[in-house]
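> dropping the sequence and predicted coords here.
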Amino acid sequence: MNDANNESIKHLDQFGYCLLEDLIPREEALDLADRCVQMHGESDKKPDISGSGAYQTLFGMMNHDDRVWSYASHPKTVAIARHFLGPHCRVVEACSKPTWPGAVDQPLHADSAGAFLRVPDTPWMINSIWMLTDFTVENGATGVVPLSHRSRMASPPEYLTRDPKRVKPITGRAGSVMMWHGGTFHMARGNTSDTIRVGLNIAYYPPWFNNWIEGGHQPIWPETYARMPERMQQLCPGKLSNSRDEAYETRL
Ligand SMILES: O=C(O)CCC(=O)C(=O)O
C-alpha cells in the first residue's frame, strides 16, 4: 500500500474519518451527479427513494448506473475498507444523496449501530461519500465529529446534538471522497447556497454483518452481478435478488 493510503488509514483510525482528494476526474463526477439528480425525478425510482424534501436518498445505485462500480471498487477506498473490515469485506449499498438549496441539517448519528447495546470495539462498517459536485461549507458538505468513533456509543449524547460547533464540515472538489468509521457521529449539513450538492454514498461491511438492519438497502440484482467485472463481483458476495425480503434474513 502506498504512503498516502497509510496516512489516510492512520487518520481514519485516529480521528474517525479521512479525506482522499481528486481520485476520480472532476468531469466524470459531475456527469454522474447530473444523472443522479435526474433519477430522483423518475417515477420508477420512487420506491427506492427516502425523504421527499430537499435532502433525499436513492437506494440501489449499484443496479441503477454501472458507472457507480468504478467508485465502489476504487483500489484506494477498497484498500482502506479492507484494512479495517478484513479481506472479505463487501459493498452492501450505494445511494445517491442530493441536498438541494434550503435543506436543513440532518440529525447527527452513527451508522448501523441501533441494534447494539454498546457498539463493538472492532469496526462493523466503513462508510464513504463521493463528492459528485464540490462539497462546500455552504452547500451541505458532510459534517463529522472527530474522535467520536472512540466513544463506543450507538448514538450521540444530547450535549453534542445541541452543539453544532463540534461538527466539522469536510469540504472537497468533485471527484474526492470522504470515508468514515460507522461509529463516527456525522450528519448531512443544511444547504444555504443556491447550488445543489450531490453525494454518492457507498457502504462497506464485514461478511458477518446482517444487512436487514438498514431499512432502505437494496440487494444486488442477479442481472447487475452478471454484468460486473470480476473485481466488482468479488466485493458483492452476498445473496443476489430483486427484492429485499428474499435477500435479507429477518426484520425486527
Ligand atoms: O449525505 C451526507 O452528507 C451524509 C450521509 C449520511 O449521513 C450517511 O450516509 O449515513
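Thanks, I have it.
> so what's the residue in the stretch 151-252 of the chain that the ligand sits nearest to closest to, chain neighbours aside?
Proximity of the stretch 151-252 of the chain to the ligand (C-beta to the nearest ligand atom) peaks at residue 188, 3.3 Å away. (Glycine included, C-beta is placed from N, CA and C.) In this structure, residue 188 finds its nearest non-sequential neighbour in residue 106, 4.3 Å apart by C-beta to C-beta, 6 or more residues apart in numbering.
> pLDDT at the one you found, what is it?
The confidence metric pLDDT takes the value 94 at residue 106.
> does residue 12 touch residue 80 like I think?
Yes: with contacts counted by C-beta atoms under 8 Å, residue 12 reaches residue 80, the gap being 6.7 Å.
> between these two, what contacts are shared?
18, 126, 179 (C-beta atoms under 8 Å, 6 or more residues apart in numbering).
> number of nearby residues for residue 5?
Counted with other C-beta atoms under 10 Å, residues neighbouring residue 5 total 17.
> for it, what are its contacts?
76, 79-80 are the contacts of residue 5 under C-beta under 8 Å, 6+ apart.
> from these, list the buried ones, please.
76, 80 (16 or more other C-beta atoms under 10 Å).
> what's the closest of the contacts of residue 5 to the ligand?
Closest to the ligand out of the contacts of residue 5 is residue 80 (16.4 Å), distances taken as C-beta to the nearest ligand atom.
> can you tell me how far that closest one sits from residue 213?
Distance from residue 80 to residue 213, counting by C-beta to C-beta, to the nearest Å: 22 Å.
> show me what from the stretch 151-252 of the chain comes close to the ligand.
Residues of the stretch 151-252 of the chain lying close to the ligand (C-beta under 6 Å from any ligand atom) are 186-188, 199, 201.
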